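Participant: mind folding the following:
(2 chains, ligands or ions: 1)
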Amino acid sequence: MNKTLLFFTVLVIATCGLIYELIAGALASYLLGDSITQFSTVIGSYLFAMGIGSWLSRFIERGVPQRFVEIELGVALVGGLCAPMLFLTFALTDIFRVALYGSVLVIGTLVGLEIPLLLRILKDELKFKDLVSQVLTFDYLGALAASISFPLLFVPKLGLVRTSLLFGLLNALVGLWSTWLLAPVLAHPLRLRVKAVALSLFLVVGLVLGDRLTNFSEEHLYADDVVHATSSPYQRIVLTRGKRGFSLYLNGNLQFSSLDEYRYHEALVHPALVRAGKVERVLVLGGGDGLAAREILKYPEVKNVTLVDLDPAMTGLATRYDELAELNAHAMADPRMHVINTDAMEYLREKPETWDVIVVDFPDPNNFSLGKLYTTGFYKLLKRRLGPEGVAVIQSTSPMFARRSFWCIDTTLKAAGFWTQPYHALVPSFGEWGYVLVAHEPAPPRRPMPEGLRFLTEDTHEGLFQFPMDMSPLPAEVNRLNNQVLVHYYEEEWRRWN
Amino acid sequence: MELTRRELVAAFLGSAVAASGCRRMRPREPVPGAIVDRAVDVGHKLRGGALPRAAEAQTVDVLVVGGGVAGLSAAWRLAAAGVKDVRVLELDSEPGGTSRSGRNEVSAYPWGAHYLPAPLVDSGPVMRLLREMGAVSGVDAQGYPDYAEELLIHEPEERIFYKGDWYEGLYLRAGASPAELAELERFEARMNAFAAARDAKGRKAFAVPTALSSDDAEWTALDKVTMARWMEAEGFRSPRLRWLVDYACRDDYGTTAEGVSAWAGIWYFAARQDGKGERSEGFLSWPEGNGHLVKHLLSSLAPGQVERNVLVHSVEPVEGGCRVDALEAATGRPRAYRARQVVLACPRFVAAHVVAPWREKRPEWLGAFQYGPWVVANLTLSDKPASHGFPLAWDNVFYESRSLGYVVATHQGLRMDERGPTVFTWYLPMAGLDVKAEREKVLSAGYSEWEGLVMADMLAAHQDIAPLTRRLEVMRWGHAMVRPTPGFLWGPARFAAQESLGDSLHFAHSDLGGMALFEEANWFGVKAAEKALKGLGRADPSWL
Ligand SMILES: Cc1cc2nc3c(=O)[nH]c(=O)nc-3n(C[C@H](O)[C@H](O)[C@H](O)COP(=O)(O)OP(=O)(O)OC[C@H]3O[C@@H](n4cnc5c(N)ncnc54)[C@H](O)[C@@H]3O)c2cc1C
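Facilitator: A predicted model of the protein is given here:
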């Protein structure tokens, strides 16, 4: 047997093995967000599955070389197809997590079988110490090659789908050349060779069609056509167009749908603006899509709208991407607009100015980092920046799906010293959605709503403040920086609906 | 003796880290960095024989020797009393001592002390300092101080790593049997009772600072046995609970339950609670740790009042005050002072060489003061590493390592910081009972060894951390913390060491409290300053 070639084989299969692990981790964090959790759990399960594979290897008694080649082909098939397959399951079914961990376990188990079997094939060729040393050296070198080339070369150049197919093909080729390499000890080299060739051809076809596959999968993910997709250091931003109109997703979560976003944004902005003493200076925290700003700019008295959003990729898109700019009525280009890309809490801390109205439109508090923006710590700061007759409004998740979370936000705002008035509106894309209006003193409406609204009128908007029984107040603790109860409530409540 | 990397890791951090930190370790580039301590053993320099003396002596009303928390607290007290002619002499290039901090492009970070337990009651000098800083807004209906929310540790506060997963809290609940949990409950009930205990005079049995604790034998008898002995005698034997208690002792005193008295061990759990079921609010912390408190103390002084890089080598009581001799650390040039009052705010092992009468006759109590070494490393990361289980917290502890794990410097920031660069401060108390041997061990390892140790410890919990680590800096503290060994806290030595020499030489330092803590350093600093005020003939109501 040609040992150099065999060690080269080890190198290639080690590289492939790690690449699949990285693909699964990257895919999971890309589709589910929260990369830390996704990478950790994927790596953990993968290693665990490799352990299973190693353990299982003892049960393979006879025909070890034959099994080895078959396992190569198995890895080639499952590993090669893992990225396209996972994209499709995410898009078309509800069992993405099952598919993800299922394929991680299968690939991991197969990969875990490879090295033990190979060691056994080679055990008579080499002294034990050389065998272990050399095989493991190449194993780790392969891992190094994979971990460096994956982020630097393959993902940027090929994308996940084609990387997965390419390495599947490599695995299949390893299977193929092993049929020659191991020919002396193989029972049916020819049969295996045919399978390997067929599999390689299949993967080559996949590779050629890879581009279309990627589009197809991401399109399915979003139900509609993906018209724009970018990744910023903070999030994955995807715009789609389809039956429901034009939609924005951040990390796979729907932010708005052009069909009914006016309901969300009119309800977010106008109750606050009609109650404020003045509306000359308005601050928007979050809301990088410019849609809240569009509503604010409908008041001729408004002189300055300052929008603070962490992600320049988002505000850039809202400014320059035609369809989005049309939807926000070119709010971002309005001379009264000032866009600042920075952290909202730091901005409030460092800028001592006060505002007539503050619109707080952050993502829901689904982790401790976002949860900070819903604490008394944050709200006390907000209160200091709100002018004497100022009014602020806070997007407060759904009082229907996350009832205690909603009332926890209200309780926390009260604990920060605000007068509060909670309300809600129905936004079909989201369901029942909640907001809390706050001020230093009770603030009745003082000015008419602007022209050109599609959802609110003077009379109907009072109805938003009525809560039906199933959304009525629940007792909740105050959410503090040093005791973030809201994140716990939120996680528990949304889990029931998902 | 040449150790393999694995043996080295086992020797410093224990065999569990050696096994897991080295197992799946792929070949990696060493992280660039350096040892940043000067590892000058002050004692050595001072023991080295006669040092030059300046002919001309500058005169000053009060001279404070040592710019650590104790010395700066003394200067702060004097400033509040309106004494202007005060000078602080500090050996290092930066004041702060073991509460010093650093800063880089990512964050400020501690080099030693990193938190202050939020005081329970609204009195005493620490509370005064916190009020000055705006850290307390008032008191609530029950009389508990109201702290500025952003200074209390943000959630998530602590987590613990065990066999591949992170869990919330410091007690390893995962996998604990009902019997173990029952033991924990029994332990907590005991500690609550100690926290609630008061003597006939109404003094808390275990108070902060120790000086306010009851001296009744009912409790001080606990000072005679080790904490480990007491646990054994009380039937507290579950490994998880013993781990927790050991952790507490390592965290506060730098040694295990074998090395501290039961009084000290219990103090950790009982002093910062009042036992009424109301827990204290937890800890106050800043990105730079207690370096923030140091900054505030410094802000009470004029810039010229703190003289850096000055090594004081002799203090001699003379008619009408003290003569103080020092060397400029950089040039070796001598300096002399005539001070009406001196506050000597350096540890006993230094004072023994500095105080002239003590050089003549070594004080008997000196041997009772033992100081254990620590190693602190700051890792600057380009992004947070991944972790399984409970998310990144302020304090991240490894169950199976002898290190205490790491604290996240950016945690107390208000930014949305799920991702992005940060600084981790890693702590290793050298807990062995033979402090001298431990000190030699610490100094025997150079940068590449420490790099290997810190990274092995980190890699056991974070496989992806090596490429994220941009820089690693290591500080070896030879005499980091005084140890409350059995018999020390309530024995005669500590009290003898607190006595002033004549009317002009007063002593301060956390070691006089027997525990290396901010509250002790501050208490003794203020106390010495008030003695100096008296020596100057000033009447000023006491803060103590
Ligand atoms: C790693 C570590 C972690 C810690 N963590 C905490 C914590 O979280 N919370 C807490 O409360 N405490 C902690 N501590 C304890 C900390 O020591 C105290 O809080 C406090 O800083 C002690 O101050 P000090 O003034 O008593 O002593 P030191 O810090 O020892 O100050 C003495 C000063 O005197 C100077 N000096 C000494 N000799 C001379 C001389 N001859 N001439 C001139 N100057 C001299 C020194 O350079 C030093 O600046 C920690 C300590 C360490 C080492």
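Participant: which SSE is B:Asp37 in?
Facilitator: Using DSSP states H and E, B:Asp37 maps to neither a helix nor a strand.
Participant: and B:Ala480, helix, strand or coil?
Facilitator: At B:Ala480 the chain is in strand, as set by DSSP: H, G, I helix; E, B strand; the rest coil.
Participant: pLDDT weak spots in the stretch 251-400 of chain B?
Facilitator: Regions of the stretch 251-400 of chain B meeting the criterion pLDDT under 70 cover residues B:277-281.
Participant: try the stretch 101-250 of chain A
Facilitator: The model of the stretch 101-250 of chain A has pLDDT under 70 over residues A:156, A:210-226.
Participant: who in it is up against the ligand?
Facilitator: For the stretch 101-250 of chain A, no residue is in contact with the ligand (CB under 6 Å from any ligand atom). C-beta here means a position set from N, CA and C on the backbone, and glycine is covered the same way.
Participant: do a quick rundown of the strands in the stretch 101-250 of chain A.
Facilitator: Assigned by DSSP state E, counting those that start in this stretch, the stretch 101-250 of chain A shows strands spanning A:225-231, A:236-242, A:245-250.
Participant: so which of the ones you listed gets nearest B:Met455?
Facilitator: strand A:225-231 (30.0 Å; CB to CB).
Participant: got the angle for that closest one vs strand A:236-242?
Facilitator: Relative orientation of strand A:225-231 and strand A:236-242, computed by axes from the mean of the first three to the mean of the last three CA atoms, to 10 degrees: 170 degrees.
Participant: strand A:245-250 and strand A:225-231, what's the angle between them?
Facilitator: Angle of strand A:225-231 versus strand A:245-250, following the same axes, to 10 degrees, is 20 degrees.
Participant: pull the helix or strand with minimum mean pLDDT from chain B.
Facilitator: Of all helical and strand segments in chain B, the minimum by mean pLDDT, DSSP states H and E falls on helix B:42-47, at a mean of 66.
Participant: report whether the helix or strand just after that helix contacts the ligand.
Facilitator: Moving toward the C-terminus from helix B:42-47, the next helix or strand (DSSP H and E) is strand B:57-65. Yes - Strand B:57-65 is in contact with the ligand by CB under 6 Å from any ligand atom, via B:Val65.
Participant: skip ahead from strand B:57-65 and say which helix or strand is next.
Facilitator: Using DSSP H and E, the helix or strand that follows strand B:57-65 in sequence is helix B:69-80.
Participant: what parts of chain B come near the ligand?
Facilitator: Residues of chain B lying near the ligand (CB under 6 Å from any ligand atom): B:42, B:65-71, B:89-92, B:97-99, B:112-116, B:290, B:311-312, B:345-347, B:350, B:354, B:374, B:376, B:427, B:477, B:480-481, B:509-510, B:516-518, B:521.
Participant: of the residues you listed, buried ones?
Facilitator: For these, a burial check counting by 16 or more other CB atoms under 10 Å in any protein chain shown picks out B:42, B:65-71, B:89-92, B:97-99, B:112-116, B:290, B:311-312, B:345-347, B:350, B:354, B:374, B:376, B:427, B:477, B:480-481, B:509-510, B:516-518, B:521.
Participant: okay, now the domains of the chain?
Facilitator: Just going to use chain A. Following automatic domain parsing, one finds the domains of chain A at A:3-220, A:225-254, A:257-497.
Participant: wrong one, chain B
Facilitator: Listed domain ranges for chain B are B:5-30+B:371-482, B:41-95+B:308-367+B:487-535, B:178-281 (source: automatic domain parsing).
Participant: kindly identify which of the residues of chain B next to the ligand also come near chain A.
Facilitator: Contacts with chain A are made by none of those, judged by CB under 8 Å from any CB of the partner chain.
Participant: tell me where the stretch 101-250 of chain A has helices.
Facilitator: Remark: helices assigned in the stretch 101-250 of chain A by DSSP state H, counting those that start in this stretch are A:128-149, A:155-181, A:189-208, A:210-221.
Participant: can you redo those helices as a markdown table with mean neighbour count and distance to chain B?
Facilitator: Converted to a markdown table, the helices of the stretch 101-250 of chain A look like this (neighbours: other CB atoms under 10 Å in any protein chain shown; distance: least, CB to the nearest CB, whole Å):
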| stretch | mean neighbour count | distance to chain B |
| --- | --- | --- |
| helix A:128-149 | 16 | 6 |
| helix A:155-181 | 22 | 16 |
| helix A:189-208 | 17 | 28 |
| helix A:210-221 | 18 | 23 |
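Participant: nearest to B:Asp216, of the ones you listed?
Facilitator: helix A:128-149 (62.7 Å).
Participant: same for that closest one, what does it pack against?
Facilitator: Packing partners of helix A:128-149 (3 or more CB pairs under 8 Å, 6 or more residues apart in numbering or on different chains; DSSP states H and E): helix A:3-32, helix A:96-122.
Participant: contacting residues around it?
Facilitator: The contact list for helix A:128-149 (CB atoms under 8 Å, 6 or more residues apart in numbering or on different chains) reads A:7-8, A:10-19, A:22, A:115, A:118-119, A:122-123, A:125-126, B:26-27.
Participant: can you give me the angle it makes with helix A:3-32?
Facilitator: Interaxial angle, helix A:128-149 versus helix A:3-32 (the same axes, to 10 degrees): 40 degrees.
Participant: got the angle between helix A:128-149 and helix A:96-122?
Facilitator: Using the same axes, to 10 degrees: helix A:128-149 against helix A:96-122 is 150 degrees.
Participant: kindly format the C-alpha coordinates of helix A:128-149 as CSV.
Facilitator: Taking C-alpha atoms only, helix A:128-149 is exported to CSV below (Å, rounded to 0.1, in the frame of the first residue of the first chain):
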residue,chain,number,x,y,z
PHE,A,128,1.8,1.4,16.7
LYS,A,129,3.6,4.5,17.8
ASP,A,130,4.3,5.7,14.3
LEU,A,131,0.8,4.8,13.2
VAL,A,132,-0.9,6.9,15.9
SER,A,133,1.5,9.7,15.5
GLN,A,134,1.3,10.0,11.8
VAL,A,135,-2.4,9.5,11.4
LEU,A,136,-3.3,12.0,14.1
THR,A,137,-0.8,14.5,12.8
PHE,A,138,-2.5,14.5,9.4
ASP,A,139,-5.9,14.5,11.1
TYR,A,140,-5.1,17.7,13.0
LEU,A,141,-3.4,19.2,10.0
GLY,A,142,-6.5,18.6,8.0
ALA,A,143,-8.5,20.3,10.7
LEU,A,144,-6.2,23.3,10.6
ALA,A,145,-6.5,23.5,6.8
ALA,A,146,-10.3,23.4,7.1
SER,A,147,-10.6,25.9,9.8
ILE,A,148,-8.5,28.4,8.0
SER,A,149,-9.8,28.0,4.5
